[in-house]
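Visitor: Dropping a prediction and its sequence here:
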Amino acid sequence: MSTMLELARLSHVYGGDHAAIAELSFTVDTGELACIVGPSGCGKSTLLRAIAGLLAPTNGSVFLHGRPVRGVPDDLAVVFQDYSRSLFPWLTVQSNVEFPLRGRVGRTERQDRARFALAQVGLAGAAHKHPQQLSGGMQQRVALARALAYRPSLLLLDEPFASVDAQTRFELEDLLLRVHAEQGTTMLLVTHDIDESVYLGDRVLVLSGSPARVLADLTVDLPRTRDQITTRESEPFVELRSEVARLLRGTPIPVAF
Ligand code: ADP
């Protein structure tokens, strides 16, 4: 399998003395769904921002398709936790999903891709609504559809389901798994939720507290077709989540600033 993303001793220090991530090195293969789990404040967003080219790391490098990331790469999309700030309230759902494709592909293709992505996330009927007419979970589906319509090589997800209720969260997790199975998009998802990381991932990278370091890189040896009830009850799931919890328990809680 080919390598999509490579981090080479990536470090970032804020304000000269606050180390957020330290010497992070790992790779993500094409088609993989890798989860990063770590305590809040440990440096997960810093890491994703460096990968997305939104932050210049103090040291080390990020390579996408073997090329160093210096600005925001063209073939990358990010889904953030806060859907209420990521959608344009004055645009319809359809236009929000089309927005990143403006100037990149022709009008008809843009519309087709947006329609297809909205159908994928179960929102075909909401294309002409505005974001504020939708529930939080539906708005997050729109944000996901927008990222999918863009057809990135790498999809980064920063705590994407942390702001929705538990039931919606399960639905969105399953939606993500379905899309991953259908499209094979390479995904890197960060979360502070241990169970979510094991449920979704082909692999779980466990990060220590601030500065974030890789404590463990665990293969999730569960059947790819997952189910919110039977998977979570299964012995390998329970064993793996306990292993991650034990690793994280050994981690000091970062001091809040
Ligand atoms: P996480 O996403 O895991 O919650 P972050 O990457 O947001 O963690 O933050 C890691 C650490 O870096 C925290 O201690 C946070 O306070 C600090 N930090 C984040 N952004 C900044 C910034 N722009 N300036 C200074 N410190 C920051």
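Guide: Received the coordinates, thanks.

Visitor: looking at it, residue 203 is touching residue 36, isn't it?
Guide: No: Residue 203 is beyond contact range of residue 36, at 9.6 Å (criterion: Cβ atoms under 8 Å). The C-beta positions use only the backbone N, C-alpha and C, and glycine is treated the same way.

Visitor: Helices along the stretch 51-200 of the chain, start to end?
Guide: Ranges of helices in the stretch 51-200 of the chain, per DSSP state H, counting those that start in this stretch, are 83-86, 93-98, 107-120, 136-149, 166-183, 194-200.

Visitor: any idea which of these scores lowest on pLDDT?
Guide: Out of the helices of the stretch 51-200 of the chain, helix 83-86 stands lowest, with a mean of 81 (criterion: mean pLDDT).

Visitor: Name the residues of that one that are buried.
Guide: Across helix 83-86, burial judged by 16 or more other Cβ atoms under 10 Å covers 83, 86.

Visitor: Can you tell me which helices and strands it packs against?
Guide: helix 136-149 (3 or more Cβ pairs under 8 Å, 6 or more residues apart in numbering; DSSP states H and E).

Visitor: any idea how far the helix it packs on is from the chain center?
Guide: Relative to its parent chain, helix 136-149 has a centroid offset of 13 Å by Cα atoms, centre = their mean, to the nearest Å.

Visitor: Just name whatever secondary elements it is in contact with.
Guide: For helix 136-149, the packing partners by 3+ Cβ pairs under 8 Å, 6+ apart come out as strand 76-79, helix 83-86, helix 93-98, helix 107-120, helix 166-183.

Visitor: re the thing from before, between residue 203 and residue 36, which has more neighbouring residues?
Guide: Shown here are residue 203 and residue 36; by other Cβ atoms under 10 Å, residue 36 has more neighbours (28 against 18).

Visitor: hey, what's that one bridged with?
Guide: Per DSSP bridges, the residues bridged to residue 36 are residue 190, residue 205.

Visitor: among the helices of the stretch 51-200 of the chain, which is nearest the ligand?
Guide: Taking Cβ to the nearest ligand atom, helix 194-200 is the member of those nearest to the ligand, at 13.0 Å.

Visitor: Can you tell me the closest non-neighbouring residue to the most centrally placed residue in the chain?
Guide: With distances taken as Cα atoms, centre = their mean, the residue of the chain nearest its centroid is residue 157 (1.7 Å). In space, and not counting its chain neighbours, residue 157 is closest to residue 189: 4.1 Å by Cβ to Cβ, 6 or more residues apart in numbering.

Visitor: Check residue 156 too.
Guide: Distances taken as Cβ to Cβ, 6+ apart place residue 78 nearest to residue 156, at 4.6 Å, with adjacent residues excluded.

Visitor: Let me know the pLDDT of the residue lying closest to residue 162 once chain neighbours are set aside.
Guide: Once flanking residues are discounted, residue 162 sits nearest to residue 81: 4.9 Å by Cβ to Cβ, 6+ apart. pLDDT for residue 81: 87.

Visitor: And the pLDDT at the closest residue to the ligand within the stretch 101-250 of the chain?
Guide: When distances are taken as Cβ to the nearest ligand atom, the stretch 101-250 of the chain reaches nearest to the ligand at residue 210, 5.0 Å away. Residue 210 carries a pLDDT score of 77 in this model.

Visitor: Test my guess that it contacts residue 13.
Guide: No: shown here, residue 210 and residue 13 do not form a contact pair, counting by Cβ under 8 Å, at 11.2 Å.

Visitor: show me what contacts the closest residue to residue 116 other than its chain neighbours?
Guide: With sequence-adjacent residues excluded and distances taken as Cβ to Cβ, 6+ apart, residue 116 is closest to residue 149, at 7.3 Å. Shown in contact with residue 149 (Cβ atoms under 8 Å, 6 or more residues apart in numbering): 97, 98, 100, 101, 113, 114, 116, 117.
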